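Enquirer: one predicted model, sequence on top.
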Amino acid sequence: MKATALLERQHRKVESLFNALEAGKKDPAELVNELACALTAHAVIEEEMFYPLAKRVERELVLQSRQEHDLATYALKRLVAARPESDSFMAKLMVTKEAVAHHVKEEEEELFPAMEESLGEEENEALGRRMEARFKELQEAGYEGALAARKARRTRGDGEQARGDGQRARGTEKRAGEAGQSARAR
């Protein structure tokens, strides 16, 4: 299955879970757990495997998509922590759903068509197979496991960024110190 088709299939599954939660016909705690696991595993495979390739094609959209993942993750954490019988449960559900729906729309209308063209059929299929295997691993780990995988990946990435920023800052400080010594020598 193509990577783009896999992601679209996952989008439809998440939409059906949101609809089931709104309808209130099944155990909401069970549905929220399934939703949380599916959304988090989906975000991880996009961030680990799809976005690095997509960034070459639609850089700004990918940067925006990562921010939308952060917002959805925050909203999802609040939803997971809410009691289904609480007054705020449906409000938290709707906020999470709206954040995800906006993100899905942009991906499907802008990012996926660009990636279809960029990847080509064979590469899209190969990426889809790798993404599907990783998604299954994350699903088996459950929501907390998928969340930990996302956090670990983000921490490594943020750590690398922080090291780079620190090196730049030290370089700036060194140049400033050298300039100060030069000025004192005059």
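Expert: Looks like it arrived, so ask away.

Enquirer: quick one: low-confidence ranges for this protein?
Expert: Under the criterion pLDDT under 70, the flagged ranges of the chain are 157-186.

Enquirer: helices of that one, start to end?
Expert: Per DSSP state H, the chain carries helices over the ranges 3-23, 28-45, 51-54, 59-81, 89-106, 112-119, 121-185.

Enquirer: quick one, the first one and helix 89-106 angle?
Expert: Using axes from the mean of the first three to the mean of the last three Cα atoms, to 10 degrees, the direction of helix 3-23 lies 160 degrees away from that of helix 89-106.

Enquirer: mind giving me the packing neighbours of helix 3-23?
Expert: The criterion is 3 or more Cβ pairs under 8 Å, 6 or more residues apart in numbering; DSSP states H and E, and the helices and strands that helix 3-23 contacts are helix 28-45, helix 89-106, helix 112-119, helix 121-185. Where C-beta positions appear, they are placed from N, C-alpha and C, glycine not excepted.

Enquirer: packing partners of the shortest one?
Expert: In other words, helix 112-119. Helices and strands touching helix 112-119, as assessed by 3+ Cβ pairs under 8 Å, 6+ apart, comprise helix 3-23, helix 51-54, helix 121-185.

Enquirer: ditto for the second one
Expert: In terms of contacts (3+ Cβ pairs under 8 Å, 6+ apart), helix 89-106 is packed against helix 3-23, helix 59-81.

Enquirer: then the first one?
Expert: For helix 28-45, the contact count by 3+ Cβ pairs under 8 Å, 6+ apart identifies helix 3-23, helix 59-81, helix 121-185 as packing neighbours.

Enquirer: I'd like these written out as CSV, with distance to E108 and mean neighbour count added.
Expert: What follows is the helices and strands packed on helix 28-45, written out as CSV (distance: least, Cβ to Cβ, whole Å; neighbours: other Cβ atoms under 10 Å):
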stretch, distance to E108, mean neighbour count
helix 3-23, 6, 17
helix 59-81, 12, 16
helix 121-185, 15, 13
